[in-house]
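Q: Got a sequence here, can you build the structure:
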Amino acid sequence: MVLSRFWLVIFISSILFVVISLFSGSNYTVDYVLNGEKGDPILISEKYIDQVPAFIRDSIELKEDKTMIVNRDLSNNDTTYVNKNKAVQIYSGVQKSDGLLATCKSSLVDIIIPLIAYLAFFCGLMELLIISGVSGKLAKVLSPVFVKVFPSIPENHPSISYMTLNFAANFLGLDSAATPFGLKAMQSLQEINADKDKASDAQIMFMCLHASGLTLIATSIIGYRAAAGSSNPADVMLPCIITSFIGTIAAFIIVGIKQKINFKSASLAIGLMTLIGAIIGLLMYVNHLDLIGKNYFTSNLSGLILLAIIGFTLIYAFRKEKLFTEAKTTVFEAFVEGANNGIKTGVTIFPYVLAMLAAISLFRNSGLFDIISNGLAFVFSNFGINKQIVDAIPVALLRPFSSAGSRGFLIDSMNTFGADSLTGRLSSIFQCSAESTFYVIAVYFGSVNIKNTRYALTTMLLVDLICVITAIFVALWFF
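A: Model (predicted):
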């Protein structure tokens, strides 16, 4: 219900704002909101040739393409004059995201089709893990801890192994693997959900822990920082880990209080201490490496672990081929069957992703996001908050809505203020310390047709806020 109303508010308020802006003269056209693509120049006015300044008119007439570009300031906000049939079209600024119809197309071509490919491959592997018995053994080993965190899940339930693989993939920055494992976990949890239309306690806990984004190797962030010329691209690793870890603990405590979980459980304490010990151990190892060593370690660890998982799955399945024969299948046929189920899952979630991304597209292009972002920046600056922090706020604001959009702000902030500036580093921490909440909600709950997400959305947004506040303090502490 909360998600549905929030979606409606975004959609309707954005449409109203676009219409008001058009008739008030703030916008000249609404076409870019519907058909424009990211990076396209925005048409702001149209005049007859004799209405433009003489020097522009003369310059246009002399040019073969009948186009003139005027750089109004030192930024990239150029003004372009184009002569078309005795009328001069004036463009200024560029579109920050795809329009509504372009988003519909890109959500299928750039998001769903690649996602379906990932789902097909990793769901094929999951089928091998299930038939070979690996998932059952993993669930049995971890069951003492998971039944404390997820009291409604029976001991040794298959969902435990799927959630473990999802958390591990997120932890190692393996986004392409994390989503298929997570969707498999949601489907498994749905099997024991008494009310199929309403999110269960276990599903909410899983979603909030997943969305808190606990990450050890922020491979993509390191790559962006290296491309932006950072002297030490991996120096945000520790702040990212601390921020995402606090976010994960906050999510666990908030949901745990709501679900009345016993925090004094010995097995829970042992599991948490083991996780903390593993993080500290890896941090100590990475910290003693030099710059080249850190870059080499972070760029290869995740990939090697993913290859190890794939290799182990295939080799173990081959060794347990007898189990596949008993199930009246083969290793190859089982993989194909799992891949086919992954494709079906991808098709199921497409409408949910489309609905959410379309609303976000309108919200960004309507200008409402800019007003909110600029308003918050103004308030923060009046409270004496460091301007370098204020300049990074757009990344934090957009992150729950769009990973690609916040990534664009991240790259822009590093190019504008420098990768090693406080703004550049804080933007990097914002980007890697949380998930795209609305996208995750649409994909995961959409995959099992959950209509009532209960308190999942509000909790995830609260955790996002905690991560933002933590990121600011951690960045100020480190840099």
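Q: can you give me the helices in the stretch 251-400 of the chain?
A: All helices of the stretch 251-400 of the chain, identified by DSSP state H, counting those that start in this stretch, fall at 266-287, 291-319, 321-326, 331-366, 368-382, 387-390, 393-398.
Q: Show me which positions of the third one end up buried.
A: Neighbour-count burial for helix 321-326 flags residue 324 (criterion: 16 or more other CB atoms under 10 Å). (Each C-beta comes from the backbone N, C-alpha and C, glycine too.)
Q: Just checking the distance from it to the centre of its chain.
A: 39 Å (CA atoms, centre = their mean, to the nearest Å).
Q: Kindly report the same for the shortest one.
A: Taking CA atoms, centre = their mean, the mean C-alpha location of helix 387-390 is offset from the chain mean by 23 Å.
Q: after the lowest-mean-pLDDT helix or strand in the chain comes which helix or strand?
A: The weakest-scoring helix or strand in the chain, judged by mean pLDDT, DSSP states H and E, is strand 67-71 (a mean of 68). Downstream of strand 67-71, the first helix or strand assigned by DSSP states H and E is strand 78-84.
Q: what packs against the following helix or strand past that following strand?
A: Sequence-wise, the next helix or strand downstream of strand 78-84 (DSSP H and E) is strand 87-94. For strand 87-94, the elements it packs on are strand 41-48, helix 54-62, strand 78-84, judged by 3 or more CB pairs under 8 Å, 6 or more residues apart in numbering; DSSP states H and E.
Q: Run me through the strand neighbours of strand 87-94, direction for each.
A: According to DSSP bridges, strand 87-94 forms sheet pairs with strand 41-48 (antiparallel), strand 78-84 (antiparallel).
Q: where among the ones you listed is the average confidence lowest?
A: Mean pLDDT is lowest for strand 78-84 among the strands paired with strand 87-94, at a mean of 76.
Q: what comes up buried for that one?
A: Applying 16+ other CB under 10 Å to strand 78-84 flags 79-83 as buried.
Q: before we move on, what about stretch 114-121?
A: Applying 16+ other CB under 10 Å to stretch 114-121 flags 115-116, 118-121 as buried.
Q: which other residues reach that stretch?
A: 176-177, 179-180, 183, 339-340, 342-343, 345-347, 349 (CB atoms under 8 Å, 6 or more residues apart in numbering).
Q: Closest one to residue 31 out of these, please.
A: Using CB to CB, residue 349 comes nearest to residue 31 of those, at 30.0 Å.
Q: Pretty sure the closest one sits against residue 445.
A: No: counting by CB atoms under 8 Å, residue 349 stays clear of residue 445, with 9.2 Å between them.
Q: So residue 29 sits against residue 43, correct?
A: Yes: judged on CB under 8 Å, residue 29 makes contact with residue 43 at a distance of 5.2 Å.
Q: neighbour-wise, which of those two wins?
A: residue 43 (18 against 14; other CB atoms under 10 Å).
Q: so what's the more buried one up against?
A: By CB under 8 Å, 6+ apart, the contact set of residue 43 is 28-29, 31-32, 89-91.
Q: List the beta-bridge partners for it.
A: Bridge pairing for residue 43 - DSSP bridges - gives residue 91.
Q: Return the distance of it relative to residue 87.
A: Counting by CB to CB, to the nearest Å, the gap from residue 43 to residue 87 is 12 Å.
Q: which of the residues in stretch 309-324 are buried?
A: Those would be 309, 313, 317, 320, 324, for stretch 309-324 by 16+ other CB under 10 Å.
Q: Could you measure from the closest residue to the fourth one other than its chain neighbours over to residue 141?
A: It refers to residue 320. Closest residue in space to residue 320, ignoring its immediate chain neighbours: residue 132 at 4.3 Å, by CB to CB, 6 or more residues apart in numbering. Residue 132 sits 16 Å away from residue 141, going by CB to CB.
Q: what about the two, which has more around it?
A: The residue with more neighbours, out of residue 132 and residue 141, is residue 132; 23 against 14, by other CB under 10 Å.
Q: Show me which pair in the buried residues of stretch 309-324 is furthest apart.
A: Top of the distance list for the buried residues of stretch 309-324 (CB to CB): 309 and 324, 19.1 Å.
Q: Assess the claim that residue 122 and residue 178 are in contact.
A: No: applying CB under 8 Å as the test, residue 122 and residue 178 come out as separate, 9.2 Å apart.
Q: Looking only at neighbour counts, state which of the two leads.
A: Neighbour tally, residue 122 and residue 178, criterion other CB under 10 Å: the higher count belongs to residue 122, 28 against 22.
Q: show me the contacts for that one.
A: 176-177, 180-181, 342.
Q: if I've got this straight, it is in a strand?
A: No: read with DSSP: H, G, I helix; E, B strand; the rest coil, residue 122 is helix and lies in no strand.
Q: Mind pulling up the pLDDT for it?
A: 86.
Q: Distance check, it against residue 138.
A: Taking CB to CB as the measure, residue 122 falls 16 Å from residue 138.
Q: can I get the buried residues of strand 78-84 in CSV with distance to residue 391?
A: Listed next are the buried residues of strand 78-84 as CSV, based on distance: CB to CB, whole Å:
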residue, distance to residue 391
79, 24
80, 27
81, 31
82, 33
83, 38
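Q: Which positions in stretch 271-287 come out as buried?
A: 271-272, 275, 279, 282, 286.
Q: Also stretch 30-49?
A: Buried residues in stretch 30-49 (16+ other CB under 10 Å): 30, 32-34, 36-38, 40-45, 49.
Q: again with stretch 170-189
A: 170-189.
Q: low-scoring pLDDT stretches of the stretch 251-400 of the chain, where are they?
A: By pLDDT under 70, the low-scoring segments of the stretch 251-400 of the chain are 266-268, 291, 295, 298-299, 302.
Q: Can you pull the phi and psi angles for the residue lying closest to residue 437 once chain neighbours are set aside?
A: Spatially, and ignoring its direct neighbours in sequence, residue 437 is nearest to residue 400 (4.0 Å; CB to CB, 6+ apart). Per-residue torsions, residue 400: phi -70, psi -20 (degrees, to the nearest 10).
Q: now residue 400: how far from residue 303?
A: Taking CB to CB, one finds residue 400 at 28 Å from residue 303.
Q: more crowded one of the two?
A: residue 400 (26 against 14).
Q: Verify the contact between the more buried one and residue 461 for me.
A: Yes: with contact defined as CB under 8 Å, residue 400 counts as touching residue 461 (6.5 Å).
Q: Which of the strands paired with strand 87-94 sits closest to residue 202?
A: Closest among the strands paired with strand 87-94, using CB to CB: strand 41-48, at 46.5 Å.
Q: Tell me what angle that closest one forms with helix 331-366.
A: Interaxial angle, strand 41-48 versus helix 331-366 (axes from the mean of the first three to the mean of the last three CA atoms, to 10 degrees): 40 degrees.
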